[in-house]
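Asks: Sharing a model prediction with you, sequence too.
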Amino acid sequence: ADDAEQTIRKTLQSLQLDVPVESVAASPLNGLYEVKLKGGRVLYASADGQFVMQGYLFQIQDGKPVNLTEKAERQAIAKTINGIPAGEMVVYPAVGQAKSHITVFTDTTCPYCHKLHAEVPELNKRGIEVRYVAFPRQGLGSPGDEQLQAVWCSSDRKGALDKMIDGKEIKAAKCANPVSKQFQLGQSIGVNGTPAIVLENGQVIPGYQLLRRWPSWRWPTSNSIASRDLRSWLFSRPVSCRSFNGEFTVKPVKVGICGLGTVGGGTFNVLQRNAEEIARRAGRGIEVAQIAMRSQNPNCQITGTPITADVFEVASNPEIDIVIELIGGYTIARDLVLKAIENGKHVVTANKALIAVHGNEIFAKAREKGVIVAFEAAVAGGIPVIKAIREGLSANRINWVAGIINGTGNFILTEMREKGRAFPDVLAEAQALGYAEADPTFDVEGIDAAHKLTILASIAFGIPLQFDKAYTEGITKLTTADVNYAEALGYRIKHLGVARSTVNGIELRVHPTLIPADRLIANVNGVMNAVMVNGDAAGSTLFYGAGAGMEPTASSVVADLVDVVRAMTSDPENRVPHLAFQPDSLSAHPILPIEACESAYYLRIQAKDHPGVLAQVASILSERGINIESIMQKEVEEHDGLVPMILLTHRVLEQRMNDAITALEALQDVVGNVVRIRVEQLN
Ligand SMILES: NC(=O)c1ccc[n+]([C@@H]2O[C@H](COP(=O)([O-])OP(=O)(O)OC[C@H]3O[C@@H](n4cnc5c(N)ncnc54)[C@H](O)[C@@H]3O)[C@@H](O)[C@H]2O)c1
Ligand SMILES: N[C@@H](CCO)C(=O)O
């Protein structure tokens, strides 16, 4: 190894590289030596010194490539830069406690250095100390060199730098100064233009950066030393004053809206109204470049946006980066989304039916193509519950999720309970308000809630979407009598979706449910939705907000757009997975049939007013191991002479309860069907 070191040093000396070799050591790649140059940069050479390489050396560690070159260079550059004595720099300290610092190679004749300088007070306010070092980009003896020496020779360097950048003349006697030393130091770490920013960790960022990108600065590797030859990499003449805009060209992202109904119209309006705020968040403007619609939406004023009647035109429009699917349904919507993905476009959708039924296929295709399919608006309208579970609760093993996840149904139940309004009348109002699905039976029969619950269960437990296995029961058979008896027992009836992880499998069920009236979720009324999530670390959390409607839903659609815009330039492998868990880590934990689910029950039995009926009922239940929690027996109802008997039971398997109900209905004194409503304590 010593021989190799000597040989390599000799070869490099013969090349007359002006940057001294600091060390030569064997690299992890057999036969390859790592040469560290003064300042921090790294080369590679063969043992006989006949081959010299510059470029990145990656080592595969735990299946992932680790850039050894960049790692070594950053460490060494950080050491070099952070070792410059403070007295040799012009320092603009952070306001208050410094969080970090940047070292900026500057030239007062460079306009982009002026731009950066204007942002220094804001950086300081954000806790970033700015340390200037001199880098006369056109070389020693250039006008920049003269100006920089004048600054460094001033008694008040900061004041002199500010003045110089302001175009004012400054006078300073010549003095011994570090300008040429800093110029050489800059070259030794690869600086060849101004401004050049070196982060605390040694990362060198060439060119002017937009302040708003701080602290997540990224720049493409194509800008790296890898694309240049060895000599030009080491000795490229520093002449440029530049703005770095390769990746940050602030062109708006173009989106196409498919379907301009309730949600499409809301999305268009929110994008127009809050355009500036949204662009500040996304980092780029979001421009609606095309709309596919069948008819005008009176709530929208469209001027200048191209319109088509064909949604597939949007999916094939080369200008469009993101397709927003808001037409609803499973058939055309599926074809549209798959087409958009095929064409490399990201997709935002509010379509829970589509995701619940075809999501597995859609996400697989999206993964293959490296695009994002975002669907926050598909569950609970304006509540960002997908993001909360997928990202905010990612530390937790989730035990259960329970939610009021259909706005129309909750609106109907609330109006019926509070105002005694008739079911069809309230449903018609929900439709007029734009809450209901195209086919409102989806709302009132629990299908829409089951779509949403399917999605929630997948992201909560890391299982594939399995809508066909969800148990669904609607609100159409609920009677005012049961609503009132529930109230008398201290409960409220809500149409609830429950997904629970048990040792045997996952319960996935939507049905009317008695909830203790003092729970927050029992008091979620009207079109509002609420989703409770119980995790092993966070405990129970509750997410509340408008579950349907034009702008609440648009809020989620636009939030997804912002997320997609932020993530679209990122490595697809490093994005948040569609279903929260990595696709190859989804679990095969089965969905339980309803008979294998467990819950407590409310039972209403209509019995003849004969002695001993209660004893018979109690014995049927106890024979099956079903514990009664409470019994309420009402007066004989005058018109039919029947006694309503209301029972609350402890938790029991549904199968066992089915068996008990069959036996109860077979009793001579029991008339008609036994009403059964499940009870959840949600604690
Ligand atoms: N309304 C809500 O509160 C709400 C909330 C969350 C999610 N969603 C979902 O959002 C989607 C849209 O719902 P909406 O309430 O806006 O429905 P909507 O009926 O008001 O709007 C759908 C629009 O798409 C148009 N359309 C349908 N097929 C089309 C096609 N092939 N080409 C062009 N235009 C077409 C229709 O003409 C209509 O204007 C659905 O998937 C729905 O489940 C709705
Ligand atoms: N029809 C749905 C729209 C929101 O998904 C509801 O009423 O909740």
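Replies: Looks like it arrived, so ask away. Ligands and ions are numbered 1, 2, ... in the order given.
Asks: name the element the residue of the stretch 451-600 of the chain found nearest ligand 2 belongs to?
Replies: In the stretch 451-600 of the chain, the residue found nearest to ligand 2 is A548; the distance is 3.6 Å by CB to the nearest ligand atom. Backbone N, C-alpha and C define where each C-beta goes, glycine included. Using DSSP states H and E, no element contains A548; it sits outside every helix and strand.
Asks: Kindly report the same for Q272.
Replies: Going by DSSP H and E, Q272 is part of helix 262-273.
Asks: so the residue of the stretch 451-600 of the chain closest to ligand 2 makes contact with G381?
Replies: Yes: at 4.8 Å, A548 and G381 qualify as touching, with contact defined as CB atoms under 8 Å.
Asks: picking that back up, what residues of the helix holding Q272 count as buried?
Replies: Across helix 262-273, burial judged by 16 or more other CB atoms under 10 Å covers 262-271.
Asks: Give me the residues contacting it.
Replies: Helix 262-273 is contacted from outside by 255, 257-258, 260, 278, 286, 288, 291, 293, 297, 299-300, 302, 324, 326, 350, 377, 434, 549-551, 553-555, 557-558, 561, using CB atoms under 8 Å, 6 or more residues apart in numbering.
Asks: Find the nearest non-adjacent residue to P572, please.
Replies: For P572, ignoring the flanking residues on the chain, the nearest one in space by CB to CB, 6 or more residues apart in numbering is G370 at 4.1 Å.
Asks: Could you list the contact residues of the stretch 351-500 of the chain toward ligand 1?
Replies: 351-352, 377, 381, 434-435, 437-438 (CB under 6 Å from any ligand atom).
Asks: quick one: which of the residues you listed is nearest ligand 1?
Replies: Lowest distance from ligand 1 to those (CB to the nearest ligand atom) belongs to N351, with 3.6 Å.
Asks: can I assume T408 sits in a strand?
Replies: No: using DSSP: H, G, I helix; E, B strand; the rest coil, the assignment for T408 is helix, not a strand.
Asks: Quick check: chain neighbours aside, which residue is closest to it?
Replies: D443 (3.8 Å).
Asks: Counting neighbours, which bits of the helix or strand hosting the one you found end up buried?
Replies: Using DSSP H and E, D443 sits within helix 441-444. Across helix 441-444, burial judged by 16+ other CB under 10 Å covers 442-444.
Asks: Any idea what G497 is bridged to?
Replies: Here G497 sits in beta bridges with G403, V510, going by DSSP bridges.
Asks: What of A26?
Replies: Bridge pairing for A26 - DSSP bridges - gives Y33.
Asks: Could you report the separation of the residue nearest to T408 from R273?
Replies: 28 Å (CB to CB, to the nearest Å).
Asks: Ok, R281 next?
Replies: Using CB to CB, R281 is found at 14 Å from R273.
Asks: What of Q75?
Replies: 49 Å.
Asks: For the stretch 401-550 of the chain, what lies in contact range of ligand 2?
Replies: Residues of the stretch 401-550 of the chain lying near ligand 2 (CB under 6 Å from any ligand atom): 406-408, 435-437, 443, 448, 547-548.
Asks: T80: which of those is nearest?
Replies: Closest to T80 out of these is G547 (57.3 Å), distances taken as CB to CB.
Asks: Just give me the neighbour total for the closest one.
Replies: By other CB atoms under 10 Å, the residues close to G547 number 30.
Asks: Pull the contacting residues for the closest residue to ligand 1 within the chain.
Replies: For the chain and ligand 1, the shortest gap (CB to the nearest ligand atom) falls at G261, measuring 1.8 Å. G261 makes contact with 297, 326-328, 434 under the criterion CB under 8 Å, 6+ apart.
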